[in-house]
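S.K.: turn this into a model:
(one chain, ligands or ions: 1)
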Amino acid sequence: MCQGAPTTTLEGMQNTPPIVSFRSVTKEYGTGAGAVRALDDVTVDIRAGEFTAIMGPSGSGKSTFMNVAAGLDDVTRGEVLVTGQPVHRMTDQQRTLLRRDRVGFVFQAFNLVPTLSAAENIELPFELAGRTLDGETRRWIEHLSTVLGLRDRLGHHPAQLSGGQQQRVAIARALASRPAIVFADEPTGNLDTRTSREVLTLLRTACGEYGQTIAMVSHDPVAASYADRVLVIADGRIAADHNRLAPQDISRLLIGLETAA
Ligand SMILES: Nc1ncnc2c1ncn2[C@@H]1O[C@H](COP(=O)(O)OP(=O)(O)OP(=O)(O)O)[C@@H](O)[C@H]1O
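M.R.: I've put the predicted structure just below:
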């Protein structure tokens, strides 16, 4: 649980259901001799209000984990629950609605629409969902824009913004609908060190101040050190599960896995 998050008592933590639950999840791509097992009997929870980093060597299954958890991909075997809803039994359309209504995304490449202003990008998910912005949501977006330092950039288009500003717009867009979980895929991969630190601090603030649940895939031990919990995936399995770690401890953990392989 993030420091300062709304539910901080042990009792509260025990009573809070996980946002994502994997139960014996296996995901295979292809069939027969060419089949690849990207997730191998994974059982793990992403807990509410926590900032979880998902790490592991290239090809270990991190993206597959995120795609399955976000309802972007189906599973071969096992159960995936998102806010208690059985994603493994959903149709494509139901999964699309789940993503639209309950999930936010932040990507390495920002994924903003170049022809829209920053404000229009932030409001785009509401537009796509056919939802009008009520007063409370407008105030929430204004608040996010202020906290993220975007107030004087809202009329700018992505090409007129720095990488860090573009990623802050993407974070505002992801947080605007108060999703159950935000998935961040290498959110600092295209940013310099200082801007990366700012973006990671903002993600941690979203968790600590607003109780936002965040799962972030990263290769970077420094980025993962901002998280409350570090999950390491190796060969499609959970190889390590730690509470907050310093960057050097995370590096040691990853090097240990590589030498053990
Ligand atoms: N669509 C696909 N078809 C076939 N195999 C796939 C597919 N997607 C992923 N894989 C395989 O599944 C395994 C896990 O891939 P995944 O992309 O989840 O790893 P990753 O940890 O995210 O890797 P990276 O850090 O390099 O992005 C790899 O062996 C990969 O080649």
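S.K.: please make it C-alpha for all contacts and neighbour counts, starting now.
M.R.: Will do.
S.K.: quick one: low-confidence ranges for this protein?
M.R.: 1-15, 260-261 (pLDDT under 70).
S.K.: quick check: residues of it near the ligand?
M.R.: Within the chain, the positions near the ligand by C-alpha under 6 Å from any ligand atom are 29, 36, 38, 57-64.
S.K.: these into JSON lines, with extra columns for neighbour count?
M.R.: Shown next, in JSON lines, are those (neighbours: other C-alpha atoms under 10 Å):
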{"residue": "Tyr29", "neighbour count": "13"}
{"residue": "Val36", "neighbour count": "12"}
{"residue": "Ala38", "neighbour count": "21"}
{"residue": "Pro57", "neighbour count": "16"}
{"residue": "Ser58", "neighbour count": "12"}
{"residue": "Gly59", "neighbour count": "13"}
{"residue": "Ser60", "neighbour count": "20"}
{"residue": "Gly61", "neighbour count": "25"}
{"residue": "Lys62", "neighbour count": "28"}
{"residue": "Ser63", "neighbour count": "17"}
{"residue": "Thr64", "neighbour count": "20"}
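S.K.: residues near Ile214, how many?
M.R.: A total of 29 residues lie near Ile214 under the criterion other C-alpha atoms under 10 Å.
S.K.: that should have said Thr195, apologies.
M.R.: Applying other C-alpha under 10 Å, we find 17 other residues in the vicinity of Thr195.
S.K.: what's the nearest residue to it if we skip its chain neighbours?
M.R.: Spatial nearest neighbour of Thr195, excluding adjacent residues (C-alpha to C-alpha, 6 or more residues apart in numbering): Gly164 at 5.7 Å.
S.K.: dump the helix or strand that neighbour falls within to CSV, restricted to CA.
M.R.: In the assignment (DSSP states H and E), Gly164 maps to helix 163-176. Output in CSV follows, covering the C-alpha atoms of helix 163-176 (Å, rounded to 0.1, in the frame of the first residue of the first chain):
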residue,chain,number,x,y,z
GLY,A,163,8.4,14.2,-24.2
GLY,A,164,7.8,14.7,-20.5
GLN,A,165,4.8,17.0,-21.1
GLN,A,166,3.4,14.5,-23.6
GLN,A,167,3.7,11.7,-21.0
ARG,A,168,2.1,13.9,-18.4
VAL,A,169,-0.9,14.4,-20.8
ALA,A,170,-1.0,10.6,-21.2
ILE,A,171,-1.0,10.2,-17.4
ALA,A,172,-3.8,12.7,-17.0
ARG,A,173,-5.8,10.9,-19.7
ALA,A,174,-5.3,7.6,-17.9
LEU,A,175,-6.3,9.0,-14.5
ALA,A,176,-9.2,11.1,-15.7
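S.K.: good, wrapping up.
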